[in-house]
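A.B. asks: Predicted model and sequence follow; I will ask about them next.
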Amino acid sequence: MRNGKHRAAVVAATAWALAAVGAQASSADVSKPFAEFWASGRSTKETCNTIQTCISANGTGRLEVSFAPPGPLALLDTYDWTASFTVDTGNATPNGFGGKCAAVGGTVEFSPPNHPSEVLVLDVQGSNCQIGANPALTEITASYRVDPDASTGRFASVTGGGSFNWAADASETPATVNFAGVGAKCFPSSPIRCYPSSPI
């Protein structure tokens, strides 16, 4: 009998806690979502000017928008994406393995197929490095930040950022690209709480 009462008390307490957290997650301060993504596509390079290289890319990928726990998770189906980066090749430095690294910055944009008015814009900044001494293999290791001012439609409320990794193989023409981003979001509370997302 005691065990039955104990279980009932635990269930009631758990239900109350979930309801309280759910109410907090739905408040105006904490309900803004953050994004994670993984994608693939093709890219091309061209010389922007005497010291910079421009990268343009596009393809398809998947985008996950997550609300404050324990709110809903929305795994959205295939999305179109485009990317535009500028690499500071004129100021490249040795990578320690026979190749070079250079600063890189740019944007990645996700939009649902047939809905070009809804765009999630990510600002990306980091380092673009050759893999060893092979100029055909490069990797961007960077951070991304969602740009809520440039994003449109349902994505205008998305905030947050995280890590960004991009791998390109230029041994094919056009080059193949695979990239992914893992995000984390902090929500105002007392104290402020951060929810790192699950690895992709």
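C.D. replies: Arrived safely. Residues are numbered from 1 along each chain as shown.
A.B. asks: domain assignment for the chain?
C.D. replies: 1-31, 32-196 (automatic domain parsing).
A.B. asks: Tell me how many other residues crowd Ala136.
C.D. replies: 12 (other C-beta atoms under 10 Å). From N, CA and C alone the C-beta is placed, and that goes for glycine too.
A.B. asks: Now do the helix or strand it falls within, average pLDDT.
C.D. replies: Using DSSP states H and E, the element containing Ala136 is strand 134-146. Model confidence over strand 134-146, given as mean pLDDT, is 94.
A.B. asks: Show me what counts as buried in it.
C.D. replies: For strand 134-146, a neighbour-count test (16 or more other C-beta atoms under 10 Å) marks Leu137, Thr138, Glu139, Ile140, Ala142, Tyr144, Arg145, Val146 as buried.
A.B. asks: bridging residues for the third one?
C.D. replies: Note on Glu139: beta-bridge partners by DSSP bridges are Cys129, Ala167.
A.B. asks: who's in contact with it?
C.D. replies: The contact partners of Glu139, taken as C-beta atoms under 8 Å, 6 or more residues apart in numbering, are Asn128, Cys129, Ile131, Asn165, Trp166, Ala167, Ala168.
A.B. asks: so what secondary structure elements neighbour the host helix or strand of Gly126?
C.D. replies: Using DSSP H and E, Gly126 sits in strand 120-131. The contact analysis (3 or more C-beta pairs under 8 Å, 6 or more residues apart in numbering; DSSP states H and E) places strand 120-131 against strand 73-87, strand 100-111, strand 134-146, strand 161-169.
A.B. asks: Now distance to Val121 too, for those strands, in TSV please.
C.D. replies: Formatted as TSV, those follow (distance: least, C-beta to C-beta, whole Å):
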stretch	distance to Val121
strand 73-87	10
strand 100-111	5
strand 134-146	7
strand 161-169	12
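A.B. asks: mind checking which of those is nearest Ser117?
C.D. replies: strand 100-111 (8.2 Å; C-beta to C-beta).
A.B. asks: Run the angle between the closest one and strand 120-131 for me.
C.D. replies: Taking axes from the mean of the first three to the mean of the last three C-alpha atoms, to 10 degrees, one finds strand 100-111 and strand 120-131 inclined to each other by 150 degrees.
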